[in-house]
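J.: Generate a structure from the sequence data that follows.
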Amino acid sequence: MANTLKRIGGGAWLAGPVAICISSVLLVIHATARPITMAGVVLFAAGVIAAYSLDYWTDYPARRTILLPVVIGAAMLAGIGAAFWLPGWKIVLAFLLGVVSLAYRKWKKWPLAKTLMVAGAWTIASVAFPIEWHAHELLSVPLNIAMFATFASNALLCDLKDGAADARAGVYSAVVLWGQPTTTVIAAVLALTGVLAALTAHRLGLAGAGLALCLLAAFPRWVSQPVLGPALVDAALALPALFILAGLA
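T.: Predicted coordinates:
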């Protein structure tokens, strides 16, 4: 069973991020009722695919195949092509987020920097790219707090599986600094913060995602499993799309 899960996890490194990407796009479109920009959706999806494929390449050298550089290269070309159809401020923002992503491994070595960076990048990209906005409008989006808190909770719970490896590598993650119990409490508090903010914005799907993360925080032994944990946590962030498609949000 363990070997089967490893094979599944090794062959589907993009399943969770892509599901979250789709869910985030649907959430922002549904919540804002603003015109969608397909170039922005392509840029957002390409950035997610490139960033997570590159991270998988660096974290799992034994699983490297020709598929990985092909996927990374195709995603980068798609993102560059989409950028030509976007306003200048979105291109600059995409470049800055790309720089931050490339520095990901350095961010990991600083206390909670990875958590804040991941949550911030997902929130900014989800809100900025898929919809037609002016730059000054972004800070007024009511989903910002809810999405940031929910993504931060997700990032902390995903770190549970890496506690021992982070300690050996000198990475000061929340699990290394404060231990598993405290980390799960912080993740639960962030998730509940996201729930309250989502309910204030009348986003039941996002509130459901926060409640699911809060529930998962109560079962750290499940969440800390190498494949099962990330799958459960990422599935929670796919809930907004299910709520929307079911007509519940």
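J.: OK, contacts around Met117?
T.: 100, 104, 107 (CB atoms under 8 Å, 6 or more residues apart in numbering). Quick note: C-beta positions are derived from backbone N, CA and C, even for glycine.
J.: For the first one, give me its contacts.
T.: When the contact criterion is CB under 8 Å, 6+ apart, the partners of Val100 are 107, 117, 121.
J.: Helices - which of those residues land there?
T.: Among the contacts of Val100, the members falling in helices (DSSP state H) are 107, 117, 121.
J.: so where's this structure uncertain?
T.: 1-13, 135-141, 249 (pLDDT under 70).
J.: For Ala155, see how far away Thr183 is.
T.: From Thr183 across to Ala155, the span is 11 Å (CB to CB, to the nearest Å).
J.: and the next element down the chain from the lengthiest helix in the chain?
T.: Ordering each helix of the chain by length in residues (DSSP H) puts helix 174-200 first. With elements assigned by DSSP states H and E, the helix or strand that comes after helix 174-200 is helix 204-217.
J.: burial of Ala62, as a residue count?
T.: 5 (other CB atoms under 10 Å).
J.: so it sits in a helix?
T.: Yes. Judged by DSSP: H, G, I helix; E, B strand; the rest coil, Ala62 forms part of a helix.
J.: shouldn't Cys158 be in contact with Ala231?
T.: No. Taking CB atoms under 8 Å as the definition, Cys158 is not a contact partner of Ala231, at 10.4 Å.
J.: Of the two, give the one with the bigger neighbour count.
T.: Between Cys158 and Ala231, counted using other CB under 10 Å, Cys158 has the larger neighbour count: 20 against 17.
J.: got the contact list for the more buried one?
T.: Residues near Cys158 by CB under 8 Å, 6+ apart: 229-230, 233.
J.: Which members of those occur in helices, if any?
T.: 229-230, 233.
J.: Which one (most neighbours) among those?
T.: Busiest of those [other CB under 10 Å] is Val233, holding 26 neighbours.
J.: quick one: contacts for that one?
T.: 16, 154, 157-158, 213, 216, 223.
J.: Let me know the closest of these to Trp178.
T.: Ranked by distance to Trp178 (CB to CB), the contacts of Val233 are led by Leu157 at 14.0 Å.
J.: Around the closest one, how many other residues sit close by?
T.: Neighbour tally, Leu157, other CB under 10 Å: 28.
J.: before we move on, what about Val92?
T.: For Val92, the count of nearby residues is 11 (other CB under 10 Å).
J.: what's the distance between it and Ala83?
T.: Distance from Val92 to Ala83, by CB to CB: 10 Å.
J.: With Trp57 instead?
T.: 23 Å.
J.: which stretches of the protein form strands?
T.: Assigned by DSSP state E, the strands in the chain number zero.
J.: okay, now the residue lying closest to Ala78 once chain neighbours are set aside: neighbour count?
T.: Once flanking residues are discounted, Ala78 sits nearest to Ala46: 4.4 Å by CB to CB, 6 or more residues apart in numbering. Applying other CB under 10 Å, we find 23 other residues in the vicinity of Ala46.
J.: what's the answer for Arg221, then?
T.: So Arg221, with other CB under 10 Å, has 10 neighbours.
J.: Now tabulate the ones in helices among the contacts of Val100 in a markdown table and tack on distance to Leu27.
T.: A markdown table is the format used below for those (distance: CB to CB, whole Å):
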| residue | distance to Leu27 |
| --- | --- |
| Trp107 | 25 |
| Met117 | 21 |
| Ala121 | 16 |
